[in-house]
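*Asks:* Predicted model, plus sequence, below.
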Amino acid sequence: MHRQVSESRSLRGLRHRQATVLTITFAFLLSDGQGGHRAVASFARDLTPTQRAAVRCWFNLKTRTNDVPTENCIYRVLKAVPVLEFQQALWLRQHARHGAQDGSVVVLDGKALRGSQGTQLVGAINARSGRTLGIEAVRDKSNEIPAAQTLLGRLELDGAIALMDALHTQVRTAHSIVQEGGRGLCPLYQRQPSRTPGPSATLPAGRFFPLNCSRLRKATAALSGAASK
């Protein structure tokens, strides 16, 4: 995967490769590590000589050992890594290994990033396999709608069905899905009679299917009541 993600720093005098730092960071996260750059650096220092060699840490000719990246090095790499290139390389590798388990339904949802002091993300997952298909950060002083539209433009939706909440019942969002070859299901709140056409009048016909929220709530309540008897 490191061949698909360009090095974000100058190669002159470079000790630790970007791929090495990212590999250590992934290992830290997969081992349920918590914390920031300092925690990742502490995790790296606990790696055995064999593990350090396996992730290709810089070999110090004076000490004849593999030195691990410092906290400052980890910070600079993670700050400068090209996010879109890295995402694309990661999703392609996941698809190659686990794509056969995917279904045709894609779920779009927004979440607050834990411990980030308010950073919002919009993510897309495959409903059948649970595989993450893409993530887009919500810009400051904005909301999930533009971020979702940007994310949809990067997804492979040909033949897929996109599910989303009422916030994303937007004409532009619907057209983004249809242009990628997908279809969509979206909640619609009942409108008061007026001369202004409702959202369902402007959504792409035959490819986007609005759901009446009032009926959906009644159906859900009826199913819940039947299950409790």
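*Replies:* That came in fine, so what should we check first? Numbering: from 1, shown residues only.

*Asks:* Need phi/psi at residue 71.
*Replies:* phi -60, psi -40 (degrees, to the nearest 10).

*Asks:* Across the sheet, point out what pairs with the residue nearest the centre of the chain.
*Replies:* Taking C-alpha atoms, centre = their mean as the criterion, residue 135 is the residue nearest the geometric centre of the chain, at 2.5 Å. Beta-bridge partners recorded for residue 135 (DSSP bridges): residue 123.

*Asks:* Quickly note the distance from the residue nearest to residue 112 when sequence neighbours are not counted to residue 138.
*Replies:* Among residues not flanking residue 112 along the chain, residue 120 sits closest, at 5.7 Å (C-beta to C-beta, 6 or more residues apart in numbering). In this view, the C-beta of every residue, glycine as well, is placed from N, C-alpha and C. Residue 120 sits 4 Å away from residue 138, taking C-beta to C-beta, to the nearest Å as the criterion.

*Asks:* Between these two, which contacts overlap?
*Replies:* 110, 144, 147 (C-beta atoms under 8 Å, 6 or more residues apart in numbering).

*Asks:* Dump those residues to a markdown table, plus distance to residue 13, pLDDT and neighbour count.
*Replies:* Below are the shared contacts of residue 120 and residue 138 laid out as a markdown table (distance: C-beta to C-beta, whole Å; pLDDT from 0 to 100; neighbours: other C-beta atoms under 10 Å):
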| residue | distance to residue 13 | pLDDT | neighbour count |
| --- | --- | --- | --- |
| 110 | 41 | 84 | 19 |
| 144 | 42 | 88 | 21 |
| 147 | 37 | 90 | 20 |
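
*Asks:* What about those, which are in strands?
*Replies:* residue 110 (DSSP state E).

*Asks:* Could you single out the nearest of the shared contacts of residue 120 and residue 138 to residue 168?
*Replies:* Checking these against residue 168 with C-beta to C-beta, the nearest one is residue 144 at 7.2 Å.

*Asks:* what residues are up against the closest one?
*Replies:* So residue 144 contacts 110, 120, 122, 138, 167, 168 (C-beta under 8 Å, 6+ apart).

*Asks:* Quick check: pLDDT value at the second one.
*Replies:* Residue 120 carries a pLDDT score of 86 in this model.

*Asks:* Stretch 51-70 spans what distance, first to last residue?
*Replies:* Using C-alpha to C-alpha, to the nearest Å, the end-to-end distance of stretch 51-70 comes to 16 Å.

*Asks:* I'd guessed residue 174 sits against residue 185; true?
*Replies:* No - look at residue 174 against residue 185 with C-beta atoms under 8 Å: they stay out of range, at 10.6 Å.
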